[in-house]
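[1] Turn this into a model:
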Amino acid sequence: MKIRFWGVRGSINSPLSPSSYREKLEKILLLASEADLSGKSKVDEFIRDLPPQLSTIYGGNTSCVTVSDDENIVILDAGTGIRNLGSELITGQFFDKDLKEYNVFFSHLHLDHINGLPFFAPVHFPDRKINFYSHHSDFEKMLNIQQDYNFFPVSFESRPCAKSFNLLKEGDKVKIGKFTLSSKKLNHPNGSFAYRICSEDGGKIVYSTDGEYTAGTVLESFYSFYQGADMLIFDTQYNFNELAGRFSFGHSTAEIGVDASVNSGVGKLVLFHHNHESDDAKIYDMYVSAKRYLSYKYPSSELEIIIANEGMEFNI
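    Below is the predicted model:
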């Protein structure tokens, strides 16, 4: 079971701005002015030892994650990250280019989870088939509306790939090769759904984005769904101060993700759906806060906390 992250942002794609790039570059150059950079090995060592908020960019594309094995791919959401996935599928850079059938599962239909679909290369090829899955009864209609001629030059219906539209109910089990998917509804405007994916080879991951946990949606009620997952990909869009001012927006925090993970016996917690307003330093600060919270509240826990980043891959 391979997990790869193609888009990790929430709400809207957020490319690095020129001013943010300059600020990051200035900080790196200040560190470099005190370093020994005589030769490539020294430069490589300097780059390797940069603090995480300077050594990488935590992506700019919105939600898209793949779960795959040697035979099948499950695509979770079609945010702007799905564009790069489509290009690599067509060229054979990712997976086997002979695979011509794909399965796309939508958590929900907000724009940041569907607006990469018009740019997903396989939709333009008549020898490709895409199976779409959603819990929203009008999802085929909504995908068509997104590409209505008032909003987009090419209609979804006109794309030559074969398409199937599969309406799910909470708790339904879907078999894709060796993968079995089940779902649970999250607290999010107009509803979002988490997916639990279990492989016959033993791997278990949960993709749980766009969910808010309140007195009406008790976190404990999700423990059995998250139970024993090797990886929990969890919505951590806000810190607690932001969450307090955005009640009913349908998002969560890294600390709530820690509570969910530890009490569900999760191996890895992946902080996901980063706020489009958060720069790399702020995302890293939220990670540090989550680590401190874990150490304080669950000092014996072996939970691994990871910041989701584009291109990141795991084998489970």
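[2] From here on, just use CA atoms for contacts and neighbour counts.
    OK.
[3] Leaving out chain neighbours, which residue sits closest to F95?
    Spatial nearest neighbour of F95, chain neighbours left out: L89 (6.5 Å); criterion: CA to CA, 6 or more residues apart in numbering.
[4] I'd say the one you found and E101 touch.
    No: counting by CA atoms under 8 Å, L89 does not reach E101; the two are 10.7 Å apart.
[5] where are the low-confidence patches of the stretch 51-200 of the chain?
    Scanning the stretch 51-200 of the chain for pLDDT under 70 picks out nothing.
[6] Now do the helices in it.
    52-55, 82-91, 139-146 (DSSP state H, counting those that start in this stretch).
[7] Pull the residues that contact the longest one.
    What that stands for is helix 82-91. With contact meaning CA atoms under 8 Å, 6 or more residues apart in numbering, helix 82-91 is reached by 6-7, 64, 94-97, 116-117, 119-122.
[8] Now it: buried residues?
    Residues of helix 82-91 classed as buried under the neighbour-count rule (16 or more other CA atoms under 10 Å) are 82-90.
[9] Repeat that for stretch 262-282.
    262-276, 278-281.
[10] ditto for stretch 62-79
    62-69, 72-79.
[11] got the CA positions of that stretch in PDB?
    Provided in PDB are the C-alpha atoms of stretch 62-79 (Å, rounded to 0.1, in the frame of the first residue of the first chain):
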ATOM      1  CA  THR A  62      -5.700  21.600  -2.700                       C
ATOM      2  CA  SER A  63      -6.700  18.100  -1.600                       C
ATOM      3  CA  CYS A  64      -5.700  15.100  -3.600                       C
ATOM      4  CA  VAL A  65      -4.200  11.800  -2.200                       C
ATOM      5  CA  THR A  66      -3.700   8.500  -3.800                       C
ATOM      6  CA  VAL A  67      -3.600   5.000  -2.300                       C
ATOM      7  CA  SER A  68      -2.200   2.400  -4.600                       C
ATOM      8  CA  ASP A  69      -0.700  -1.100  -4.900                       C
ATOM      9  CA  ASP A  70       0.700  -2.900  -7.900                       C
ATOM     10  CA  GLU A  71      -2.800  -3.200  -9.500                       C
ATOM     11  CA  ASN A  72      -5.100  -0.400  -8.600                       C
ATOM     12  CA  ILE A  73      -5.200   3.300  -7.600                       C
ATOM     13  CA  VAL A  74      -7.700   4.900  -5.300                       C
ATOM     14  CA  ILE A  75      -7.900   8.700  -5.700                       C
ATOM     15  CA  LEU A  76      -9.200  10.700  -2.700                       C
ATOM     16  CA  ASP A  77     -10.600  14.000  -3.800                       C
ATOM     17  CA  ALA A  78     -10.000  16.000  -7.000                       C
ATOM     18  CA  GLY A  79      -8.600  19.300  -5.700                       C
END
